[in-house]
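pasting the sequence and the predicted coordinates here, then a few questions.
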Amino acid sequence: AQTVTQSQPEMSVQEAETVTLSCTYDTSESNYYLFWYKQPPSRQMILVIRQEAYKQQNATENRFSVNFQKAAKSFSLKISDSQLGDTAMYFCAFTYSGGGADGLTFGKGTHLIIQP
Amino acid sequence: DSGVTQTPKHLITATGQRVTLRCSPRSGDLSVYWYQQSLDQGLQFLIHYYNGEERAKGNILERFSAQQFPDLHSELNLSSLELGDSALYFCASQQGSGNTIYFGEGSWLTVV
C-alpha cells in the first residue's frame, strides 16, 4: 500500500515570501498521479495542483508550482508571493492511474500560516 | 464551486441515532468516494462506488453503509451513532480512473 508523508506539521511565513511544503510518498507503482489540496478555515477541500508521474515537466498554476522528483519519490509545493488567503491546511495526495479503487491517499497535512 | 453537492451541511444528533448523508456528484462523474475527517485525524477513506457498484472499502465501520443509486447520487448511512463519530464527512467524485477527484463542501456531523 502506498503512503504519503508530510514532515512539516506547521509552517509560518511573512506575506509576499516564498514557501515550500514538503511531501514524500512510497509506492511500487510507476504510473500514478499526485495532488496538492488546500483546506482553508472553511474546511472545503480545494484542488491546488496536479502532477502526472509520467510527465517530467513540473506542473505550475499561477503562483503555485511543484518540484517533482520521481526517483526520490518527492513532491514539494512552492508558493510564490504568498498571500494572506493562502493560510490553510495543505494536503499532499496520491492515486494510482490504473484504477486506484481506494481513491486518494492523503498525508497528514501541513498547516501554513501567512503572517501580515 | 466543485460541482459536488452534499446535504445536509450541518447535522446535530444524539448518540444511538441514525443519519443519512447525501451526495450528488459532478455531472458525468461515475465514481463517488466518501471520506471522514475528524478533528485530530487526517482524511480517512471510507468507501468508493463506481456506477452503482461498490469498488473498494476503507476504514468504514460496520455501523456505516453506503449506496449509489441509478442516477449516480450516493448516500452514506451512519447508525448507532457514538460521540466519536462526530466529524466532517466528505463526498468526492471522479469521472474515471486517473482523473482529478473533486470534493463537496462536506457534511458536519456532531453527535451529542
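Alright, I've got the coordinates.

from here on, just use CA atoms for contacts and neighbour counts.
OK.

and residue B:63, how many neighbours does it have?
11 (other Cα atoms under 10 Å in any protein chain shown).

quick one: the strands in chain A?
Taking DSSP state E as the criterion, chain A carries its strands at A:3-5, A:10-14, A:19-21, A:24-26, A:32-39, A:46-52, A:60-61, A:64-69, A:74-79, A:88-96, A:105-106, A:110-115.

wait, chain B
Secondary structure of chain B (DSSP E): strands at B:5-7, B:10-13, B:19-24, B:31-37, B:43-50, B:53-57, B:64-68, B:74-78, B:87-94, B:102-103, B:107-111.

residue A:34 and residue A:94, how far apart?
The span separating residue A:34 from residue A:94 equals 5 Å under the rule Cα to Cα, to the nearest Å.

what's the pLDDT at residue B:43?
Here, the pLDDT recorded for residue B:43 equals 89.

tell me what it is bridged to.
For residue B:43, the residues forming beta bridges with it (DSSP bridges) are residue B:37.

show me what contacts it?
A:106, A:108, B:35-37 (Cα atoms under 8 Å, 6 or more residues apart in numbering or on different chains).

try it again at 10 Å.
With contact set as Cα atoms under 10 Å, 6 or more residues apart in numbering or on different chains, residue B:43 has these partners: A:91, A:104-109, B:34-37, B:88-90.

export the strands of chain B to a markdown table and append columns for distance to residue A:45.
Formatted as a markdown table, the entries for those read as follows, by distance: least, Cα to Cα, whole Å:
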| stretch | distance to residue A:45 |
| --- | --- |
| strand B:5-7 | 13 |
| strand B:10-13 | 16 |
| strand B:19-24 | 15 |
| strand B:31-37 | 11 |
| strand B:43-50 | 11 |
| strand B:53-57 | 21 |
| strand B:64-68 | 21 |
| strand B:74-78 | 19 |
| strand B:87-94 | 9 |
| strand B:102-103 | 6 |
| strand B:107-111 | 12 |
